[in-house]
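Undergrad: next one to model:
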Amino acid sequence: MKPTYFATKRKNQFAALPRLAQRCSVATITKDDETVAYVVSREKWESLLETMDLLANPAFQKQWRRLQAGRVKYRSLDDLRD
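TA: Below you'll find the predicted structure:
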């Protein structure tokens, strides 16, 4: 479960958000019971960017569709050494 911080109640908690995001990967900030922001760790952010880059790559999309359709042949690493 993501930790939640309340913007109106505990403004002094914001100093702890970078450490919290680093520990939990994502922290939520709410105001009036509505999520208004997220604090994301660097590792999580880089992972999201890498995923978005892959999903935007046409060659990756083609391979992904082939994988989903069951048209990808798996090989062992030993096969690649020959």
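Undergrad: in the longest helix along the chain, what counts as buried?
TA: With secondary structure taken from DSSP state H, the chain has its longest helix at helix 42-56. Buried residues in helix 42-56, defined by neighbour count with 16 or more other CB atoms under 10 Å: residue 44. C-beta here means a position set from N, CA and C on the backbone, and glycine is covered the same way.
Undergrad: what's downstream of it, the next helix or strand?
TA: helix 58-68 (DSSP states H and E).
Undergrad: low-confidence stretches in this structure?
TA: Applying pLDDT under 70 to the chain flags the ranges 1-13, 82.
Undergrad: please parse it into its domains.
TA: The chain breaks down into these structural domains: 4-40, 43-71 (assignment by automatic domain parsing).
Undergrad: how about a markdown table for the ones you listed, with distance to residue 78 added?
TA: Shown next, in a markdown table, are the domains of the chain (distance: least, CB to CB, whole Å):
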| stretch | distance to residue 78 |
| --- | --- |
| domain 4-40 | 36 |
| domain 43-71 | 21 |
